[in-house]
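Trainee: Here you go, sequence then predicted model.
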Amino acid sequence: MAKQSKRIAPWHIKKILARGQMWRGDFFHAKTFFRSGDEPLEDYRLAVVVSKKTLAKAHERNLCRRRIKSAFLESKAKADGWDMVVFPDKRVVNCDFVELKAEAKKCLDALQSRR
C-alpha cells in the first residue's frame, strides 16, 4: 500500500476549525478533530497556522512551524486518528525545546484520553 500524505487539505482544516474541540496549553492552543469512517487511522495529522499578527517576520514564523512540528514528532506519544490545527503563541520562538516537547506530549496524551 502506498504511503499517504500527512498533509491536511484546506477544506479539512475548515472542517476541523468548525467542528473541532479546543485544547489550550502554555505555548500553543489547538483545534482537534477525530477522524472516523473509511479513512485510515494509522497516525495523526498536524497543521501549524502562524499569522503575521503573531510573528511579523517570515523567518520567525518558519522557525515556529519547524519547532512545533519537531516537538510533536519527538514527543513519541500516540494520538492515532486525530487531526490537529495548532496555533502557536509568540513565546514558542524563544522557549526551551524540552518544555515545548513536554507541552506537545501533554496535548497528545489528552487527545488519547478523549477517545
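Mentor: Cool, the structure landed.
Trainee: Now do the contacts for Val93.
Mentor: Leu55, Glu60, Leu63, Cys64, Arg67 (Cβ atoms under 8 Å, 6 or more residues apart in numbering). The C-beta positions use only the backbone N, C-alpha and C, and glycine is treated the same way.
Trainee: Drop anything exposed from these.
Mentor: Buried members of the contacts of Val93, counted by 16 or more other Cβ atoms under 10 Å: Leu55, Glu60, Cys64, Arg67.
Trainee: Can you tell me which of those residues is nearest Val85?
Mentor: Cys64 (14.2 Å; Cβ to Cβ).
Trainee: Helix or strand next in line after the helix or strand where that closest one lies, which one?
Mentor: Here Cys64 sits within helix 58-74, counting by DSSP states H and E. Later in the chain than helix 58-74, the nearest helix or strand by DSSP H and E is strand 82-88.
Trainee: what stretches of the protein score poorly on pLDDT?
Mentor: Across the chain, residues meeting the criterion (pLDDT under 70) sit at 1-5, 37-41, 115.
Trainee: Now do the helices in it.
Mentor: For the chain, the helices defined by DSSP state H occupy 10-19, 58-74, 97-114.
Trainee: ok, and what's touching stretch 19-36?
Mentor: Applying Cβ under 8 Å, 6+ apart, the contact partners of stretch 19-36 are 15-17, 41, 68, 81-89, 91-92, 95, 99-100, 103, 106-107, 110-111, 114-115.
Trainee: Selection in PyMOL covering whichever of these are buried, please.
Mentor: To isolate the buried ones among the contacts of stretch 19-36 in PyMOL, judged by 16+ other Cβ under 10 Å, type:
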select buried, resi 16+68+81+82+83+84+85+86+87+88+89+92+95+100+103+107+110+111
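Trainee: circling back: against which helices or strands is the helix holding Cys64 packed?
Mentor: With contacts taken as 3 or more Cβ pairs under 8 Å, 6 or more residues apart in numbering; DSSP states H and E, helix 58-74 sits against strand 45-48, strand 82-88, helix 97-114.
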